[in-house]
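**Student:** predicted model follows, preceded by the sequence.
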Amino acid sequence: MTFTIPIDNGDSVKTAEADSQRTLYPYVTGTSIVAIKYKDGVLMASDMGGSYGSTLRYKNIERMKAIGKHSLLGASGEISDFQEILRYLDELVLNDNMWDDGNSLGPKEVHNYLTRVMYNRRNKFNPLWNTLVLGGVKNGESYLGMVSMIGVSFEDNHVATGFGNHLARPILRDEWRADLSFEDGVKLLEKCMRVLLYRDRSAINKLQIAKITEEGVTVSQPYSLKTFWEFKAFNNPTAGAEGSW
Amino acid sequence: HLSLRLSLYTHSFDEEEEEAKMFRNQYDTDVTTWSPTGRLFQVEYAMEAVKQGSAAIGLRSRSHVVLASVNKAQSELSSHQRKIFKVDDHIGVAIAGLTADGRVLSRYMRSESINHSFTYESPLPVGRLVVRLADKAQQVCTQRSWKRPYGVGLLVGGLDESGAHLYYNCPSGNYFEYQAFAIGSRSQAAKTYLERRFESFNESSREDLIKDAILAIRETLQGETLKSSLCTVSVLGVDEPFHFLDQDSIQKVIDTFEKVPEEEEDGGEAEAEAAAAPAEQGGAGDQDVAPMEM
């Protein structure tokens, strides 16, 4: 028995075989990415977790990678699709380098290329199930942008994906400034990541912070945030809801 | 008939007469046939076509590129052919030779440029465009026996991250970068003028660059009075997208150095005369040129 999903393009319906080639739902996923522009460039933070549904299965996944000389890509969502995107970008950077002519791909170009890729996949009903954050510095100008799995793309001074949209962005809206120093930027990101650690069930306490400036990309070693669980309310969590009804 | 031998019968310029004797031989029927001396004659004939077209000149400074051409009309009754095309805000091209081929290549360049802008939201580096153009000419010219080389030379001027550039693309598929160059008929006179001055071009101001371009055009006219109707001038630069200069601006530059005794001292009168009789200059020029080559 073939199971068909009718697609309203007038021409064809896809069979089960074709279905197995399309992404219908994600399997191994990364959670939020938070990124901000700061004085010398862009700072990006992510944890190292890969969830398999509700299981925190993989705990050593790097979800931020350098692209070319000038850009840094962070991804949340399906990890295998992120790896596919890295392969596309590898090819792009390779071809760019082969020209060997003094021109190089900047973050703006990479961001727009990714937007085209994501949007085109969405149009074929076969999305790359990621929300991507692209940051970089070229010729002194910082750049920070985001692309979603349906091809929505924009630039901003601070971005976040997934749960970060709900938990981190309010903090960033209040506390972000254009001339943040490196230390202040990291403190701000850690504040956001701590909230995510407390409140996002797919977050793990092992994060990396990446920095990109005119000089290049550095990704920190993984480390943990200090958390505090001795709040009085945690001692008797059901205090406000005694009883069975 | 695939070969461009037809063009040779119209040769009458002294400097090319000796070369004309070399060309008739049995290895020039096909573009995919090598001669025993290792030459592709059809490609060389295609390069001759460039010399038939009316002059086109390009020069660049660190921040600007100027492309200029001589307006030549088929007859008194017709308008002149467009030889300079905008490819993008930051790239322009001037052609000499078979204008029809030039138009097709300009369309290709526009297409490449706009596709790049669409995918990357940033201007296509000129150097990369020029390589693609050269590869296209090279493929057409040597890989298929049923095709012929493009019979047009292109002066591509543009701006990218590494500054202002001027390239010359040949029908052979070769391309070179220049500080200044001239192609087309009587371009040698312009080249001589440019050779004397090119070392200062890098630091030239925009105005001086335009003036040098018009003066170089004047060299190719060899005696004809220089009027703004006779030339087309285009500029592009940092903070200045590609655009054509209007006739008034060109005439103003001409007036700064051209002193013609029989016309009125007033620059306005010269303009009126130039506007009234543009076609006359066109017919007087190269009557030896085959009609398709401009």
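**Tutor:** Sure thing, it's come through.
**Student:** C-alpha from now on. contacts and neighbour counts both.
**Tutor:** Fine.
**Student:** grab the most central residue of the chain for me.
**Tutor:** With no chain named, the answer covers chain A. Note on chain A: the residue nearest the mean C-alpha position is A:Ala75, at 3.0 Å, using Cα atoms, centre = their mean.
**Student:** chain B is the one I meant
**Tutor:** With Cα atoms, centre = their mean applied to chain B, the nearest residue to centre is B:Ala56, 3.1 Å.
**Student:** please name the residues that touch the residue nearest to the centre of chain A.
**Tutor:** The contact partners of A:Ala75, taken as Cα atoms under 8 Å, 6 or more residues apart in numbering or on different chains, are A:30, A:33, A:63-64, A:82, A:130-133.
**Student:** which element is the residue in chain A that chain B sits nearest to on?
**Tutor:** Residue nearest to chain B within chain A: A:Glu109 (4.3 Å; Cα to the nearest Cα). Using DSSP states H and E, the element containing A:Glu109 is helix A:107-123.
**Student:** likewise B:Ala164?
**Tutor:** Using DSSP H and E, the element containing B:Ala164 is strand B:163-169.
**Student:** quick one: buried residues of that strand?
**Tutor:** Neighbour-count burial for strand B:163-169 flags B:164-169 (criterion: 16 or more other Cα atoms under 10 Å in any protein chain shown).
**Student:** ok, that strand: who's next to it in the sheet?
**Tutor:** strand B:152-160 (antiparallel), strand B:175-177 (antiparallel) (DSSP bridges).
**Student:** residue numbers of the stretch 1-150 of chain B in contact with chain A?
**Tutor:** Residues of the stretch 1-150 of chain B that fall close to chain A, judged by Cα under 8 Å from any Cα of the partner chain: B:119-122, B:125, B:127-128.
**Student:** drop anything exposed from these.
**Tutor:** By 16+ other Cα under 10 Å, the residues of the stretch 1-150 of chain B next to chain A give B:119-122, B:125, B:127 as buried.
**Student:** coming back round to it: quick one: which of the residues of the stretch 1-150 of chain B next to chain A is nearest chain A?
**Tutor:** Chain A lies nearest to B:Tyr120 out of the residues of the stretch 1-150 of chain B next to chain A, by Cα to the nearest Cα, at 4.3 Å.
**Student:** just give me the neighbour total for the closest residue to B:Lys51 other than its chain neighbours.
**Tutor:** Once flanking residues are discounted, B:Lys51 sits nearest to B:Gly184: 4.3 Å by Cα to Cα, 6 or more residues apart in numbering or on different chains. By the criterion of other Cα atoms under 10 Å in any protein chain shown, B:Gly184 has 25 neighbours.
**Student:** my read: B:Gly184 touches B:Val50, true?
**Tutor:** Yes. Using Cα atoms under 8 Å, B:Gly184 is in contact with B:Val50, at 5.7 Å.
**Student:** list the residues that contact both of the two?
**Tutor:** Taking Cα under 8 Å, 6+ apart as the contact rule, B:Gly184 and B:Val50 both touch B:96-97.
**Student:** low-confidence regions, the chain specifically.
**Tutor:** Going with chain A. Counting by pLDDT under 70, chain A shows low-confidence ranges at A:1-20.
**Student:** that's the other chain; I wanted chain B
**Tutor:** B:1-24, B:259-294.
**Student:** longest helix in it, by number of residues?
**Tutor:** For chain B, the helix with the greatest residue count under DSSP state H is helix B:99-120.
**Student:** could you list the buried residues of that helix?
**Tutor:** For helix B:99-120, burial by neighbour count (16+ other Cα under 10 Å) applies to B:99, B:101-103, B:105-106, B:108-110, B:112-114, B:116-117, B:119-120.
**Student:** so which strand or helix has the nearest residue to B:Ala180 once chain neighbours are set aside?
**Tutor:** Nearest residue to B:Ala180 in three dimensions, chain neighbours excluded: B:Leu59, at 4.0 Å (Cα to Cα, 6+ apart). Under the criterion of DSSP H and E, B:Leu59 resides in strand B:56-60.
**Student:** show me the contacts for the closest residue to A:Lys59 other than its chain neighbours.
**Tutor:** Spatial nearest neighbour of A:Lys59, chain neighbours left out: A:Gly49 (4.5 Å); criterion: Cα to Cα, 6+ apart. Listed by Cα under 8 Å, 6+ apart, the contact set of A:Gly49 reads A:30-31, A:56-61, A:202-204, A:206.
**Student:** out of those residues, which are buried?
**Tutor:** Buried subset of those (neighbour count, 16+ other Cα under 10 Å): A:30-31, A:56, A:202-204, A:206.
**Student:** any figure for the gap between B:Gly184 and chain A?
**Tutor:** 29 Å (Cα to the nearest Cα, to the nearest Å).
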